[in-house]
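**Student:** Fold the following and give me the result.
(one chain, ligands or ions: 1)
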Amino acid sequence: VRIKGNYRYEIADLASTLNYMAQEIVRSNQIKDDFISSISHELRTPLTSIKGWSETLISGGYDPEETKLGVGIISKESNRLIGLVEELLDFSKLQQNEMRLSMGAVGIKELLQEIVLNVWAKAEKKQIRLVLDAEEGLVVYGDANRLKQVFLNIADNAIKFSHEGSDIMIHAYRLFEDQVEVVVSDTGIGISEEHLARVKDRFFQVDSLNGGTGLGLAISQQIIELHGGLLEMESELGQGTRVRVQLMLADAASGTINTEEKME
Ligand code: ADP
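**Tutor:** Coordinates of the predicted model:
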């Protein structure tokens, strides 16, 4: 077919757009396939261990110490499964715009102290030192549990991707008149520029062998956005990563965020 004049260019444009769209579909299907395979693996590992220990204990003949060890593992692995399923449910709630925040005054320093206590044991195992430097009296208007979830995810990642014996710094200070900035910095493995652009995408992981679902940061970013805030990451491969979260202070935020009471 001979096509005359400008149509030729329009058709060429259309073809290249379609080509791009087809590549995007292939890419997003690939990401979903990878996700299904990594989530199946994440579910199977604790289930195998729960099955193994419960069958062993049912067969009987174990002393109290061994029984305690087995039951302890069953309980730990069940908690891991609950965490995973909750992450999936949160993700689907956010996708459907159904996450409701339960708003109240949240002290940033107190919240971060709780985070440090929560991840202390995990850090200790890698001899990682957690340093918290938070200004007093910074209060935001937000959902304490959801904000805790965000900072736990960030701190967990910092520990997971840090080298043994390194330091993780958590700073919180007033930014401008009406905002607070929390910065979590590690000196861990870092993220290349190419990957950094995608780490906050749902399902994305630099290396699926590290465990996890690749949903944590996508969920965290959306929770912060629901609070009218901002989550940003800076990183350099081999040097470390810095996660910044900016939130409005309570006096500045009251009346500006459209909130709905928790209905779950
Ligand atoms: P998950 O940790 O469950 O894989 P996340 O969404 O929390 O999911 O993180 C996505 C990916 O981003 C991680 O798998 C990892 O590759 C990268 N990442 C996140 N935080 C850090 C960090 N502090 N240092 C290096 N890489 C990180």
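**Student:** For the closest residue to Gln205 other than its chain neighbours, grab the count of nearby residues.
**Tutor:** Counting by Cβ to Cβ, 6 or more residues apart in numbering, Gln205 lies nearest to Gly214, which is 4.2 Å off, once chain neighbours are set aside. In this view, the C-beta of every residue, glycine as well, is placed from N, C-alpha and C. The number of residues packed near Gly214 is 21, by other Cβ atoms under 10 Å.
**Student:** Quick check on Gly214: phi, psi?
**Tutor:** Main-chain dihedrals, Gly214, degrees, to the nearest 10: phi 80, psi 10.
**Student:** do Gly190 as well
**Tutor:** Backbone phi and psi, for Gly190 under degrees, to the nearest 10, turn out to be phi 70, psi 180.
**Student:** Once you drop chain neighbours, what's closest to it?
**Tutor:** Leu237 (4.5 Å).
**Student:** Please, where are all the helices along the stretch 51-200 of the chain?
**Tutor:** With DSSP state H, counting those that start in this stretch as the criterion, the stretch 51-200 of the chain has helices at 64-95, 108-125, 144-160, 193-196.
**Student:** of all the ones you listed, which lies closest to the ligand?
**Tutor:** The ligand sits nearest to helix 144-160 of all those, at 3.4 Å, using Cβ to the nearest ligand atom.
**Student:** Tell me what angle the closest one forms with helix 64-95.
**Tutor:** Helix 144-160 and helix 64-95 meet at an angle of 110 degrees, taking axes from the mean of the first three to the mean of the last three Cα atoms, to 10 degrees as the criterion.
**Student:** Just the pLDDT at Ala15, thanks.
**Tutor:** Here, the pLDDT recorded for Ala15 equals 89.
**Student:** so how far is the host helix or strand of it off the chain centroid?
**Tutor:** In this structure, Ala15 sits in helix 7-58 according to DSSP states H and E. Helix 7-58 sits 18 Å away from the centroid of its parent chain (Cα atoms, centre = their mean, to the nearest Å).
**Student:** which strands and helices sit next to that helix?
**Tutor:** Packing contacts for helix 7-58, counted by 3 or more Cβ pairs under 8 Å, 6 or more residues apart in numbering; DSSP states H and E, involve helix 64-95.
**Student:** pLDDT of the helix it packs on, averaged?
**Tutor:** On average, helix 64-95 scores 90.
**Student:** what's the answer for stretch 35-55, then?
**Tutor:** Average pLDDT, stretch 35-55: 88.
**Student:** That one vs the ligand: in contact?
**Tutor:** No. Applying Cβ under 6 Å from any ligand atom, one finds stretch 35-55 out of contact with the ligand, separated by at least 8.5 Å.
**Student:** ok, back up a step: what about the residue nearest to Gly190, how many residues close to it?
**Tutor:** 15.
**Student:** correct me, but it touches Glu194?
**Tutor:** No. Here Leu237 does not reach Glu194: they are 9.5 Å apart, not a contact under Cβ atoms under 8 Å.
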